[in-house]
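**Q** below is the sequence, then the predicted model.
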Amino acid sequence: MENKENAVELRNVEMHFNMSSERFESFKEYFLKLVKGKLHFEKFVAINNVSFDIKKGDVFGIVGLNGSGKSTTLKIISGILEPTKGTVETEGIIAPLIELGAGFDMELTARENIYLNGSVLGYSKKFMDEKFDDIVEFSEMKDFLDVPMKNYSSGMVARIGFAIATVTTPDILIVDEILAVGDFLFQQKCEERISKMMNDDTTVIIVSHSIEQIERLCKHCIWLEHGKIKMIGDTAEVCEAYKHSQRE
């Protein structure tokens, strides 16, 4: 970490994916070409030479259209993806809320999944026993604890996921569109918890389709376009420029 005031540092980060350049009528056709070594791939650059820092205690937003590289950037920061090129350094414990339902077994009940997800995040059973009531109370899912999560709506899954990830104060909280599901009152509740975390010096990184939410919560912001940085700086300036571009 070059600067001890930073929670996250990205340097010349690139993420390349190999995409099939052909269309297939069936999986069999795809498999035969793959086996024969006749499958042609095109390189897709999702993130292209991106460098930025996020200071400790900052609430940092990422905006951009679908396919601009927002979620890929979050996955690289959280360690889910390893960049093709460049370096990523983070300071402290990360709680990623990236893919809805990640870390859950949808065949199990919410009660069972709370312990399962807690263990995925590195929490002991004793710790989860102590925090169980807090998680249930925040999620407001007491009446559905013994229902298999495959019967939950996306909003119900989000409630449980957010409650577990924020039961302690992580050093870095990463939130990808998870606040877009569920009802308005619960979104407000989540935002209040994020605001409390800000006061406890947690670094929060948010991707949201709601520019209003980014403007409300974030201090600084980055605008990604086709995997490159279009603009970075104070949230008000970046969001205003981004909104202006959408009106053109």
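**A** Alright, I've got the coordinates.
**Q** give the buried residues for stretch 76-85.
**A** By neighbour count on 16 or more other CB atoms under 10 Å, the buried set for stretch 76-85 is Ile76, Ile77, Ser78, Leu81, Pro83. For every residue, glycine as well, the C-beta is placed using N, CA and C.
**Q** flag every buried residue along the helix or strand hosting Ile160.
**A** If you go by DSSP states H and E, Ile160 is part of helix 154-165. For helix 154-165, the neighbour count (16+ other CB under 10 Å) marks Met156, Val157, Ala158, Arg159, Ile160, Gly161, Phe162, Ala163, Ile164, Ala165 as buried.
**Q** quick revisit: among the buried residues of stretch 76-85, name the ones in strands.
**A** Per DSSP state E, strands hold no members of the buried residues of stretch 76-85.
**Q** for the residues you listed, name the two members farthest from one another.
**A** Distance extremes for these: the farthest pair is Ser78 and Pro83 at 12.2 Å, using CB to CB.
**Q** who's in contact with His226?
**A** His226 sits next to Asn48, Gly67, Ser68, Gly69 when contact means CB atoms under 8 Å, 6 or more residues apart in numbering.
**Q** if we can go back for a sec, contact partners of the helix holding Ile160?
**A** Contact with helix 154-165 is made by 95-97, 100-101, 103-104, 110, 113-114, 117-118, 121, 134-136, 138-141, 144, 149, 152, 173, 178-179, 181-183, 186, 190, 193, as judged by CB under 8 Å, 6+ apart.
**Q** could you list which of those belong to strands?
**A** When the contacts of helix 154-165 are checked against strands (DSSP E), the matches are Ala95, Pro96, Leu97, Leu173.
**Q** same list (those) but as TSV, adding neighbour count and distance to Ile205.
**A** Listed next are the ones in strands among the contacts of helix 154-165 as TSV, based on neighbours: other CB atoms under 10 Å; distance: CB to CB, whole Å:
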residue	neighbour count	distance to Ile205
Ala95	23	11
Pro96	22	9
Leu97	23	10
Leu173	24	7
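**Q** looking at those, which is nearest His16?
**A** His16 lies nearest to Pro96 out of the ones in strands among the contacts of helix 154-165, by CB to CB, at 21.9 Å.
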